[in-house]
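Engineer: can you look at this prediction? I've put the sequence above it.
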Amino acid sequence: MRALVWHGKEDIRCDTVTDPEIEHPRDAIIKVSSCAICGSDLHLFHNFIPAMMPGDIMGHEMMGEVIETGSEMNGSLKKGDRIVVPFTINCGECDQCKRGNFSVCERSNRNKQMSDKVFGHATAGLFGYTHLTGGYPGGQAEYLRVPFADATHIRVPDSMTDEQALFLGDILPTGWQAAVHCDIEPTDTVVIWGCGPVGQMAIRSAVLLGAKQVVAIDCVAERLSMAQAGGAITINFEEESVVERLNELTNGKGPEKCIDAVGLESHVSMSQPDTLMDRAKQMMMVENDRPHVIREMIYVCRPGGIISIPGVYSGLVDKIPLGMAMNKGLSFRMGQTHVKRWTDDLLRRIEEGQIDPSFVITHTVGLEEGPEMYKVFRDKQDSCIKVVLKP
């Protein structure tokens, strides 16, 4: 089969690789009908996330048709079923899965020993996302093996297009969880840093959950326009002061709820000296990530507020004003998304027309064009916000 394969930093190729096979009675094989490039794939593209190996298949947003099932599927999946595959692999039976904490499933990370050493305790297996999270082949491919497939799937109704359903596997529940973590009240100002795909979903989630006002921060015109169309007040941080504008919008009190939809690759800007410092430290390998957004959120957030972090971080960060956060009484909520905790509700909302996630798609291309689209997406060329690939 054809698949997008990691060969090293900024080197993704469309290669011919071995077709997946059933390896366990709870496995299924799907023929991928649609997959996507995610912002967190760029962290792998830039080799900021450790434990990638040449030959690893990329991708964790995918859906398709079941073409083969293992012997223990017990009718939960059958050939011909159309499913979205969550990026978090969950067994459905461990203590964490029973609590709905699917992104920290205790059984799905097949490299548990490695993950235990790095994280203290292993997290769930993830598709296409380094050997720290199991080293599972990803879904930017013609076919995909789905472990624990009886638990790791979202069945899609025939009435729903791929474009409407695909993002149930990652960016829609990720934006939704980020907003839910904020415990939004009708009097709240919710601010989202980053208007990429996850930020766009967080904006619409905050609106659906009833925030008084939603503010979106970015510097890319197309992203800001899309955020405004979703109901957000926008701030271009390269043209005005984020601190001053947020004080204007909140009568000097600051926003109650802040969401970091940027993560470790915060924009490097001459107007933000700490981002230059972070990039220099990153290049010298004395810091993993660029946490400008976290610093800014801590500074502007109203005392007693909530900071929600769906953005991916890989390791060590520097100069985090923890004393400021402690004295302001801020609460932090973060983590990889517990996808299946939210998807029944989100599927219903799509069917009822409350949200159509396909709005975020700007480019649809064949799998062979994937390597070039990684660069287009990274460089935000051609007004690119979200890329869907058709194997």
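Structural biologist: Thanks, I have it.
Engineer: give the buried residues for stretch 138-157.
Structural biologist: By neighbour count on 16 or more other CB atoms under 10 Å, the buried set for stretch 138-157 is 138-154, 156. For the C-beta atoms, the positions are set from N, CA and C on the backbone; glycine is no exception.
Engineer: err, stretch 323-336, not the other one
Structural biologist: Those would be A325, K328, L330, R333, M334, Q336, for stretch 323-336 by 16+ other CB under 10 Å.
Engineer: how far does it stretch from start to finish?
Structural biologist: 26 Å (CA to CA, to the nearest Å).
Engineer: what's in contact with it?
Structural biologist: With contact meaning CB atoms under 8 Å, 6 or more residues apart in numbering, stretch 323-336 is reached by 88, 103-104, 123-124, 126, 181-182, 298-299, 301, 303-310.
Engineer: show me how to select, in PyMOL, the buried members of these.
Structural biologist: To isolate in PyMOL the members of the contacts of stretch 323-336 that are buried, counting by 16+ other CB under 10 Å, one can use:
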select buried, resi 88+103+104+123+124+126+181+182+298+299+301+305+306+307+308+309+310
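Engineer: of the buried residues of stretch 323-336, which is the nearest to G55?
Structural biologist: The shortest approach to G55 among these belongs to Q336, at 24.0 Å (CB to CB).
Engineer: how near is that closest one to M1?
Structural biologist: 27 Å (CB to CB, to the nearest Å).
Engineer: how about the helices of the stretch 201-350 of the chain, start to end?
Structural biologist: In the stretch 201-350 of the chain, the helices defined using DSSP state H, counting those that start in this stretch lie at 221-229, 242-249, 273-283, 292-300, 322-328, 339-351.
Engineer: dump these into JSON lines; add mean pLDDT and distance to C97 as well.
Structural biologist: Shown next, in JSON lines, are the helices of the stretch 201-350 of the chain (pLDDT from 0 to 100; distance: least, CB to CB, whole Å):
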{"stretch": "helix 221-229", "mean pLDDT": "98", "distance to C97": "34"}
{"stretch": "helix 242-249", "mean pLDDT": "98", "distance to C97": "39"}
{"stretch": "helix 273-283", "mean pLDDT": "88", "distance to C97": "35"}
{"stretch": "helix 292-300", "mean pLDDT": "97", "distance to C97": "29"}
{"stretch": "helix 322-328", "mean pLDDT": "98", "distance to C97": "31"}
{"stretch": "helix 339-351", "mean pLDDT": "98", "distance to C97": "9"}
